[in-house]
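Asker: sequence and predicted structure below; questions after.
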Amino acid sequence: MKDGRQGPLLSPYAEDGPPPDPGPGRGDVRAGEPPAEAPAGPGAADVSPAMIAGYLLLGVLLLGWFLWGWLVLRQGFIDSVGESAGAGFALLLLFSIVGTLRQSRR
């Protein structure tokens, strides 16, 4: 079944009648076409390049912290992984608290 678009319908109900309702925000997917992008929901703001650079810097620092503990201080692989993971989770918690406080002031 074709209606001027490329590719057949990917629905098994294409020849037997109309396909069932796929739900909100979903259309029929045709072969060879990328799916439509989902609309951004509330609070889905674009991430600034400075924020991406900051997260990248923190990732590099955490990797350096891991390597410092493992290779220089020789405290063991598992201990170094745990220490850097704990520092990463503490930073995520701190970012979450700061983000919540900033959002509540708006």
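Answerer: Done, it's in. Keep in mind it's a predicted model, so treat the numbers as computed, not measured. Numbers count the residues shown, from 1 in each chain.
Asker: which parts of the helix or strand containing residue 54 are buried?
Answerer: For residue 54, the host element (DSSP states H and E) is helix 49-67. Of the residues in helix 49-67, 62, 66 count as buried by neighbour count, 16 or more other CB atoms under 10 Å. Where C-beta positions appear, they are placed from N, C-alpha and C, glycine not excepted.
Asker: which residues sit against that helix?
Answerer: Residues lying outside helix 49-67 but in contact with it, judged by CB atoms under 8 Å, 6 or more residues apart in numbering, are 80, 81, 83, 84, 87, 88, 91.
Asker: list just the nearest of the residues you listed to residue 105.
Answerer: Set against residue 105, the nearest of the contacts of helix 49-67 by CB to CB is residue 91 (21.6 Å).
Asker: which secondary structure elements does the following helix or strand past the helix holding residue 54 sit against?
Answerer: Following helix 49-67 in sequence order, the next helix or strand is helix 77-104 (DSSP H and E). Where contact means 3 or more CB pairs under 8 Å, 6 or more residues apart in numbering; DSSP states H and E, helix 77-104 is packed against helix 49-67.
Asker: now the angle from the helix it packs on to helix 77-104?
Answerer: Angle, helix 49-67 to helix 77-104, by axes from the mean of the first three to the mean of the last three CA atoms, to 10 degrees: 160 degrees.
Asker: as PDB, could you dump the C-alpha coordinates of the helix holding residue 54?
Answerer: Taking C-alpha atoms only, helix 49-67 is exported to PDB below (Å, rounded to 0.1, in the frame of the first residue of the first chain):
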ATOM      1  CA  PRO A  49      28.400  24.700  25.600                       C
ATOM      2  CA  ALA A  50      29.800  26.000  28.900                       C
ATOM      3  CA  MET A  51      27.900  23.300  30.800                       C
ATOM      4  CA  ILE A  52      29.100  20.600  28.500                       C
ATOM      5  CA  ALA A  53      32.700  21.800  28.900                       C
ATOM      6  CA  GLY A  54      32.200  21.800  32.700                       C
ATOM      7  CA  TYR A  55      30.900  18.300  32.700                       C
ATOM      8  CA  LEU A  56      33.800  17.200  30.500                       C
ATOM      9  CA  LEU A  57      36.300  18.900  32.800                       C
ATOM     10  CA  LEU A  58      34.800  17.200  35.800                       C
ATOM     11  CA  GLY A  59      34.900  13.800  34.000                       C
ATOM     12  CA  VAL A  60      38.600  14.300  33.200                       C
ATOM     13  CA  LEU A  61      39.300  15.300  36.900                       C
ATOM     14  CA  LEU A  62      37.500  12.200  38.200                       C
ATOM     15  CA  LEU A  63      39.500  10.000  35.800                       C
ATOM     16  CA  GLY A  64      42.700  11.800  37.000                       C
ATOM     17  CA  TRP A  65      41.600  11.200  40.600                       C
ATOM     18  CA  PHE A  66      41.100   7.500  39.900                       C
ATOM     19  CA  LEU A  67      44.500   7.200  38.100                       C
END
